[in-house]
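Q: fold the following and give me the result.
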Amino acid sequence: MKARVYLTRHLPGEAQSRLKARVQLTVWPAATPPPREELVRGLAGAEGLLCLLTDTVDEALLDACPSVRVVSVCAAGYNNVDVAAATRHGVLVTHTPGVLTETTADLAFGLILAAARRLVEADRFTRSGKWEAWDPGLLLGHDVHGSCLGLIGLGRIGRAVARRARGFSMELLYHGPRRHPEAEEELGVCYVSLPELLVRSDFVSLHAPLTAATRGMIGRAELGLMRPTAFLINTSRGELVDEQALYEALAEGRIAGAGLDVYAREPVDPGHPLLTLANVVALPHIGSATLATRARMAELAVDNLLEALEGRRPPHPVNPEVLTPGG
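A: So this is what the prediction gives:
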């Protein structure tokens, strides 16, 4: 018999059709995440779950759904899953790294440009009919070329952003839990302490995973080290930043601006204080949102799920220790 799978959102591209041909598939039809009770109901008797970062998979859910063997997350991150709990339950967790690297790096650099050159403000200004004449003092921004970019995290996406920054003749600094000598040689990035990076950088771009150690890593003290002309860019995880401290730093002019694609709670409340500020470019978590990349993510999430359900080692397991020998 075909394995039963619950899918928490429709997938782009052809991946969903391919999955439907191989399993008994149930799909949550709405664009918003299924409520917990619906998720439990949908997973009754199911062996596989294909979900997004917005779907919480914790001990309670796994207790309530003992038939689940595989959780395939259609994202590079997997902080929506309690991996330790999944491992205790013998549930394999998979994710989709790599395929979104270049696309997310494009967006991160786009946010650098948009925040520095006040592109969103300028668009609104033009549409509002306020543009009356060319003015040498109108909407003055900050140069990106020749400036200093500090990367917090030098994984796949951090390195891809660094490659883009070289085309703008930027000085490149980075900080992380360990040094990367090969990247230093290839990209010309210089390893520094976090305080030094914050003090020296014109743009601070976050590319760290969300862990107990990184949660809230950018708070009042760290923002206080940044230049009043500096910008914070976050395309990683919203919880890396103390949002209240960021709001205060931006509102008081202690830093120049921010480009945000992620937030501590998503979707971000339209009344969030950060959204009231003109010096914030705010996007709805679209780092990987291109037709090609989202389709590749869906294909890889389906590959992970099918391989695991059919007894083979999937391309990207998070907790491979639950695999049986040879699996």
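Q: pLDDT value on the residue most central in space within the chain, please?
A: Note on the chain: the residue nearest the mean C-alpha position is residue 236, at 3.9 Å, using CA atoms, centre = their mean. Predicted confidence (pLDDT) at residue 236: the value is 96.
Q: what's the answer for residue 325, then?
A: Looking at residue 325, the pLDDT reads 57.
Q: before we move on, back to that, skipping adjacent residues, who's closest to the residue nearest to the centre of the chain in space?
A: residue 206 (4.5 Å; CB to CB, 6 or more residues apart in numbering). Just so you know, the C-beta spots here come from the backbone N, C-alpha and C atoms, and that holds for glycine as well.
Q: show me what contacts the closest residue to residue 118 other than its chain neighbours?
A: Spatial nearest neighbour of residue 118, chain neighbours left out: residue 141 (4.7 Å); criterion: CB to CB, 6+ apart. Residue 141 makes contact with 116, 117, 118 under the criterion CB atoms under 8 Å, 6 or more residues apart in numbering.
Q: got the buried residues for stretch 12-22?
A: 12, 13, 15, 16, 18, 19 (16 or more other CB atoms under 10 Å).
Q: hmm, back to that, format the contacts of residue 141 as TSV; extra columns: distance to residue 249, neighbour count and secondary structure.
A: Shown next, in TSV, are those (distance: CB to CB, whole Å; neighbours: other CB atoms under 10 Å; DSSP: H, G, I helix; E, B strand; the rest coil):
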residue	distance to residue 249	neighbour count	secondary structure
116	17	22	helix
117	20	16	coil
118	18	20	coil
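Q: what's the closest of these to residue 229?
A: residue 116 (9.8 Å; CB to CB).
Q: quickly note the distance from that closest one to residue 165.
A: In this view, residue 116 and residue 165 are 12 Å apart by CB to CB, to the nearest Å.
Q: do residue 310 as well
A: 43 Å.
Q: run a quick neighbour tally on residue 195.
A: Residues near residue 195, counting by other CB atoms under 10 Å, number 12.
Q: which secondary structure element is home to it?
A: For residue 195, the host element (DSSP states H and E) is helix 194-200.
Q: also residue 49?
A: Per DSSP H and E: strand 48-51 holds residue 49.
Q: which helices and strands does that strand pack with?
A: strand 4-7, strand 70-73, helix 291-309 (3 or more CB pairs under 8 Å, 6 or more residues apart in numbering; DSSP states H and E).
Q: okay, now the unreliable bits of the stretch 1-150 of the chain?
A: Counting by pLDDT under 70, the stretch 1-150 of the chain contains no low-confidence segment.
Q: at 90 instead, please
A: Where the stretch 1-150 of the chain drops to pLDDT under 90, the residues are 1, 13, 77.
Q: quick one, strands of it?
A: All strands of the stretch 1-150 of the chain, identified by DSSP state E, counting those that start in this stretch, fall at 4-7, 24-27, 48-51, 70-73, 92-94, 148-152.
Q: need these in a markdown table with distance to residue 320, can you?
A: Shown next, in a markdown table, are the strands of the stretch 1-150 of the chain (distance: least, CB to CB, whole Å):
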| stretch | distance to residue 320 |
| --- | --- |
| strand 4-7 | 21 |
| strand 24-27 | 26 |
| strand 48-51 | 17 |
| strand 70-73 | 12 |
| strand 92-94 | 8 |
| strand 148-152 | 28 |
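Q: okay, buried residues for stretch 149-167 please.
A: So, applying 16+ other CB under 10 Å, buried residues of stretch 149-167: 149-162, 164-165.
Q: which of those sit farthest apart?
A: 150 and 156, at 17.8 Å, using CB to CB across these.
Q: still on that earlier bit, now, which of the buried residues of stretch 149-167 lie within strands?
A: Among those, the residues falling in strands (DSSP state E) are 149, 150, 151, 152.
Q: the last one contacts residue 207, correct?
A: Spelled out, it's residue 152. Yes. Counting by CB atoms under 8 Å, residue 152 does reach residue 207; the two are 6.4 Å apart.
Q: shared neighbours of the two, anything?
A: residue 158.
Q: can I get stretch 296-311 in CSV, CA atoms only?
A: Extracted as CSV, the C-alpha positions of stretch 296-311 are listed here (Å, rounded to 0.1, in the frame of the first residue of the first chain):
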residue,chain,number,x,y,z
ARG,A,296,13.6,23.4,-6.7
MET,A,297,13.0,23.5,-3.0
ALA,A,298,9.7,21.7,-3.5
GLU,A,299,11.4,19.0,-5.6
LEU,A,300,14.1,18.5,-3.0
ALA,A,301,11.5,18.3,-0.2
VAL,A,302,9.6,15.7,-2.1
ASP,A,303,12.8,13.8,-2.9
ASN,A,304,13.8,13.7,0.8
LEU,A,305,10.3,12.5,1.8
LEU,A,306,10.0,9.8,-0.8
GLU,A,307,13.5,8.4,-0.4
ALA,A,308,13.0,8.1,3.4
LEU,A,309,9.5,6.6,3.1
GLU,A,310,10.8,4.0,0.6
GLY,A,311,13.7,3.0,2.9
